[in-house]
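Chemist: only the shape, not the letters, is given here:
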Ligand SMILES: CCCCCCCC/C=C\CCCCCCCC(=O)N[C@@H](COP(=O)(O)O)[C@H](O)/C=C/CCCCCCCCCCCCC
C-alpha cells in the first residue's frame, strides 16, 4: 500500500531506486527523481534546521522534472539518453558555468554526489553500534564525500545541522519501517539498489569526462 501523502516510506524510496535500473543497466530518470522526492520528504520531517538542504535538493529535482516533462521528454527518459542528447546538442557547460547553467548533466551530478553521501550514511547507520551517534555517522559520511565540493560556509552550516539529528534508534524508528532491527534489515535491502544507481552513473560520467562539471 502507498504511504499517506507527505509521509516518508523507505519502502517506496527503495522501490523507486530499484525501478530506476533497467535490465540494460540504464537509469530511468522518472523513478530516480521519485526516489529523491521520497528522501526529501524524510529530510523535511527532521525539522526546519534542514530546510536549506532540502530547498537545494528540491530545486535540483524540479529542474530535472521540468526536463523530464518538457518538449524533449523522450531525450530525458534515461540518464544515458540525457547525456547523449545534451552533449551532442552542446547543452553542457564544460569549463565554466555560463550559457547552460542548469544542464541536466550538471544538475544530476550534484544529486549523484549526494547519493554517495547517502550510500555511506546508510551503510554507517546499518552497521553502527546501537549507541552510536547519528550526527557522527552523518558528519563522517559527509566529510568523506560531499564536503569536498562545498565551500566553507556550507560545510559549517551542514555540520551544525547534523548535530540536531536524533539518536540512531530514534532515527531508525522514524524511518517508519517497524522496529530498529527491521529498519536495519530494510537498509540492507535498499543499499544494493542505491549502490547500483550510483555505480552506473559514476561509470557513465567518467566515460564522458563529466565528473567535474562546474
Ligand atoms: C533512508 C532514509 C534515511 C536517510 C534520509 C536522508 C535524507 C536526505 C535527503 C536529501 C539529501 C540532501 C541532498 C542534498 C543535495 C545537495 C546537492 C549539492 O551539493 N548542492 C550544492 C552545490 O550545488 P550548486 O551550488 O553547484 O548548484 C549546494 O551548494 C548546496 C547547498 C545546500 C547544502 C547541502 C548540504 C548537503 C548535506 C547532505 C546531507 C543531508 C543530511 C541529512 C540528514 C539525515
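Modeler: Sure, I can see it. No experiment lies behind these values; they were computed from the predicted model shown. Numbering: from 1, shown residues only.
Chemist: could you confirm residue 75 falls within a helix?
Modeler: Yes - remark: residue 75 belongs to a helix, assigned using DSSP: H, G, I helix; E, B strand; the rest coil.
Chemist: where's it relative to the ligand, distance?
Modeler: 22 Å (CB to the nearest ligand atom, to the nearest Å). (Glycine included, C-beta is placed from N, CA and C.)
Chemist: which residue is the nearest non-sequential neighbour of that residue?
Modeler: Nearest non-adjacent residue to residue 75, counting by CB to CB, 6 or more residues apart in numbering: residue 85, 3.8 Å away.
Chemist: quick check: residues of this protein near the ligand?
Modeler: 10, 13, 39-40, 42-43, 52-53, 56-57, 110, 113-114, 117, 122, 138, 142, 146, 149-150, 154, 158, 175 (CB under 6 Å from any ligand atom).
Chemist: taking those, please make a ChimeraX selection of just the buried ones.
Modeler: Command for ChimeraX that selects the buried part of the residues of the chain next to the ligand, burial taken from 16 or more other CB atoms under 10 Å:
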select :10,13,39,40,42,43,53,57,110,113,114,117,122,138,142,146,158,175
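Chemist: can you point me to the longest helix in the chain?
Modeler: helix 180-207 (DSSP state H).
Chemist: where along this structure do the helices fall?
Modeler: Under DSSP H, the chain gives helices at 10-19, 29-45, 51-68, 79-88, 104-127, 134-143, 152-162, 168-174, 180-207.
Chemist: the first one packs against which elements?
Modeler: The one in question is helix 10-19. Packing partners of helix 10-19 (3 or more CB pairs under 8 Å, 6 or more residues apart in numbering; DSSP states H and E): helix 29-45, helix 180-207.
Chemist: could you dump these to CSV with mean pLDDT?
Modeler: CSV is the format used below for the helices and strands packed on helix 10-19 (pLDDT from 0 to 100):
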stretch, mean pLDDT
helix 29-45, 95
helix 180-207, 95
